[in-house]
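Participant: Take a look and give me a structure for this.
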Amino acid sequence: MTAQTTRPGDRLGMVIFSGVIVMLLGSFQLIEGIVAIIRDDYYLTTSSGLAFDIDYTVWGVFHSALGLLTMAAGVGVFRGQTWARVIGIGVAALSALGNLLFLPAHPFWCTVVITIDVLVIHTLAVHGREAR
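Facilitator: Next comes the predicted model:
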């Protein structure tokens, strides 16, 4: 029995996939932020509110900035940059935390984004090195 070895190019599809997911995550964050900035009354909570009592415009600016930073990291992942992997993992973790806090305002959308965040963290941590 011989151990299977993986060639450097075998998982390139996963790296491309993670770059696309990072770009998709960034666009979701940007859309969420723009909606919160333009239309404050879109996110209405029926529970006690958000974990922190912050104006939705502030949340919109946070999500927009996070979206732009995430999209920049996605471009870096496509180019095989190590800094983009690190930033992509950090931004995805920050995005998951931010969406967890934003969960009472829009539960379905935040759950989708948190799921994508976990997928981004996994793909960049496991397969991100193969972009070189």
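
Participant: so for the helix or strand encompassing Phe62, what's the average pLDDT?
Facilitator: If you go by DSSP states H and E, Phe62 is part of helix 56-78. The average pLDDT within helix 56-78 is 87.

Participant: Could you point out the helix or strand that follows it?
Facilitator: Following helix 56-78 in sequence, per DSSP H and E, is helix 82-101.

Participant: What helices and strands are in contact with the helix holding Phe62?
Facilitator: helix 12-38, helix 82-101 (3 or more CB pairs under 8 Å, 6 or more residues apart in numbering; DSSP states H and E). Heads up, the C-betas are built off the backbone N, CA and C, glycines and all.

Participant: Quickly note the distance from Val22 to Gly13.
Facilitator: From Val22 across to Gly13, the span is 15 Å (CB to CB, to the nearest Å).

Participant: ok, the two, which is more surrounded?
Facilitator: Val22 (32 against 11; other CB atoms under 10 Å).

Participant: Please list all residues in contact with the more buried one.
Facilitator: By CB atoms under 8 Å, 6 or more residues apart in numbering, the contact set of Val22 is Thr70, Met71, Ala73, Gly74, Val77, Gly88, Ala92, Val120, Leu124.

Participant: I figured the fourth one hits Phe17, correct?
Facilitator: No: Gly74 sits out of contact with Phe17 when judged by CB atoms under 8 Å, with a separation of 11.5 Å.

Participant: Give me the more crowded residue out of these two.
Facilitator: Gly74 (24 against 14).

Participant: low-scoring pLDDT stretches of the protein, where are they?
Facilitator: 1-11, 43-54, 128-132 (pLDDT under 70).
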